[in-house]
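Chemist: Sequence isn't available, so here's the structure alone:
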């Protein structure tokens, strides 16, 4: 089992684009019992990865609950870095 | 690649702008808080090293410790006690907040090992260089060590392709000038022989902290900052205790019993209380340092953290001087002026004046 942040980053290397809700839905099975498995913490971790060039924003919109939804993807360099440091 | 999916959605655009602005503001606040907490960590470790058995070691010295032991071994022991207790805080908080499992999982991975190496360079290596620098060259080393944001920003530019513009360099320059203003209050005729060597060690310390700040800041984009700081404090505490104190003990020609000093330090109630407080402040300060650097980049994050060069003497004055009534901790007016200059420097790094002008035009 990987640390939660690693699993989030690895998920982005295997998907076209995703928002925080998508990541949480994908990781729910393994990580829902983690205290850090919260939407705010996930958004913060994703934005930190973006600030460091691992992820890049693709688009944003409002969901059906009128909440902002921002989509990201792993940049080419970012995916290479993630795969270099974090093994499957 | 930013854009609004489907029809133009002004509400989404406004919410997105707010999210980005809030994230940046939060990063800057966290980085500034790291500087303030570093000040309290400095004050409480100084207080701890003036209580109980330490009062004798640095005062009457009935134990008959040599000058080398008092200068190097005790400095390393103080850092070891602080970092070890800080590691205990970090492990306890990680366990309470359900992150202990991820701490052990991260330790066995490449980013975890990188954090360990960076912690060794920023911990025992840089701290020792700093202490040796202080002994060789006197207090001129304090502002020299505050050059760490320069090393951090340059390393982050080359290692992680982070932004480093002329404006950012100007802002860092202003912050360093402010650190020199604050550090100048401690300058005097206290520079012994070997000043250049001491300055060299001061630069090595600045490099060590700059390296740690940029590498661990980047590292916390992969590792949760609470886990990152737990790795840092456990590494630093154990390496200080197991490697540094015994090495300094062996270097002492007077043949000091280093492990005996460690036992005395750990069993001394009056000082250990304050080391526990300083350890908690160090835990929070370093965690916010890593988190701030990862949220707003090494140049801005480390410059915000560099406010410790003001908060250090300020908190020492507050805790040692005002609260405990110990003389000799007053703050010179130039230190206050230096703090204002430093804030100006941080603004130059954080805000592009052209952006402010553009905003005015928009209004």
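Modeler: Looks like it arrived, so ask away. Just so you know, these numbers come straight off a predicted model, no measurement behind them. Numbering: from 1, shown residues only, chains lettered A, B, ... in the order given.
Chemist: Check which residues of the particular helix or strand that has residue B:175 in it are buried.
Modeler: Secondary structure here is read from DSSP states H and E; on that basis residue B:175 sits in helix B:166-183. Along helix B:166-183, the positions that meet the burial threshold by neighbour count (16 or more other CB atoms under 10 Å in any protein chain shown) are B:168-169, B:171-172, B:174-176, B:178-183. Yep, even glycine has a C-beta here, placed from its N, CA and C like the rest.
Chemist: which one of those is nearest chain A?
Modeler: Lowest distance from chain A to the buried residues of helix B:166-183 (CB to the nearest CB) belongs to residue B:168, with 15.1 Å.
Chemist: Could you give the separation of stretch B:196-208 from the chain centroid?
Modeler: 16 Å (CA atoms, centre = their mean, to the nearest Å).
Chemist: I misspoke; the intended subject was stretch B:113-132.
Modeler: 11 Å.
Chemist: What helices and strands are in contact with the longest helix belonging to chain B?
Modeler: In terms of residue count, the longest helix belonging to chain B (DSSP state H) is helix B:10-48. Helices and strands touching helix B:10-48, by 3 or more CB pairs under 8 Å, 6 or more residues apart in numbering or on different chains; DSSP states H and E, are helix A:39-51, strand A:55-62, strand A:68-74, helix B:74-96, helix B:269-296, helix B:298-305, helix B:308-316.
Chemist: which of the residues in it are buried?
Modeler: Using 16+ other CB under 10 Å as the burial criterion, the residues of helix B:10-48 that qualify are B:12, B:15-16, B:20, B:23-24, B:26-28, B:30-48.
Chemist: in what helix or strand does the closest residue to chain B within chain A lie?
Modeler: When distances are taken as CB to the nearest CB, chain A reaches nearest to chain B at residue A:35, 3.3 Å away. Element membership for residue A:35 (DSSP H and E) is empty, with no helix or strand holding it.
Chemist: was I right about it contacting residue B:95?
Modeler: No. Judged on CB atoms under 8 Å, residue A:35 makes no contact with residue B:95 at a distance of 10.7 Å.
Chemist: Near residue B:333, how many other residues are there?
Modeler: Neighbouring residues of residue B:333 were enumerated by other CB atoms under 10 Å in any protein chain shown; the total is 8.
Chemist: Next, the angle helix B:308-316 makes with the helix holding residue B:175.
Modeler: With axes from the mean of the first three to the mean of the last three CA atoms, to 10 degrees as the basis, helix B:166-183 and helix B:308-316 are set at 30 degrees to each other.
Chemist: What lies in contact with helix B:166-183?
Modeler: Contacts made with helix B:166-183 from outside it, assessed by CB atoms under 8 Å, 6 or more residues apart in numbering or on different chains, are listed as B:139-140, B:142-143, B:146-147, B:149-150, B:153, B:299-300, B:303, B:306, B:309-310, B:313, B:334-335, B:337-339, B:341-342, B:344-350, B:352.
Chemist: hmm, 6 Å instead?
Modeler: Residues outside helix B:166-183 that contact it (CB atoms under 6 Å, 6 or more residues apart in numbering or on different chains) are B:142-143, B:146, B:149-150, B:299, B:303, B:306, B:309-310, B:334-335, B:338, B:341-342, B:345, B:348-349.
Chemist: Tell me which helix or strand comes right after it.
Modeler: Assigned by DSSP H and E, the successor of helix B:166-183 is helix B:195-219.
Chemist: which parts of chain B sit against chain A?
Modeler: When proximity is defined by CB under 6 Å from any CB of the partner chain, chain B lies next to chain A at B:1-3, B:5, B:12, B:15-16, B:23, B:97-98, B:102, B:105-106, B:110-111, B:218, B:221, B:224, B:294-295.
Chemist: which ones are touching residue 56?
Modeler: I went with chain A, as the question did not name one. Under the criterion of CB under 6 Å, 6+ apart, the contact partners of residue A:56 comprise residue A:75.
Chemist: my question was about chain B
Modeler: Applying CB under 6 Å, 6+ apart, the residues contacting residue B:56 are residue B:62.
Chemist: tell me the pLDDT at it?
Modeler: Among the per-residue scores, residue B:56 holds a pLDDT of 93.
Chemist: May I see the helices and strands packed on helix B:10-48 organised as TSV, with distance to residue B:229 and mean pLDDT added?
Modeler: Putting the helices and strands packed on helix B:10-48 into TSV (distance: least, CB to CB, whole Å; pLDDT from 0 to 100) gives the following:
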stretch	distance to residue B:229	mean pLDDT
helix A:39-51	15	94
strand A:55-62	23	94
strand A:68-74	25	96
helix B:74-96	6	92
helix B:269-296	4	93
helix B:298-305	14	83
helix B:308-316	16	83
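Chemist: which of these is buried the deepest?
Modeler: Stretch with highest mean neighbour count among the helices and strands packed on helix B:10-48: helix B:298-305 (a mean of 30; mean count of other CB atoms under 10 Å in any protein chain shown).
Chemist: Can you pull the residues of chain A lying near chain B?
Modeler: With CB under 6 Å from any CB as the criterion, chain A meets chain B at residues A:3, A:5, A:35, A:47-49, A:51-52, A:54, A:57-62, A:68, A:85.
Chemist: Perfect, that will be all.
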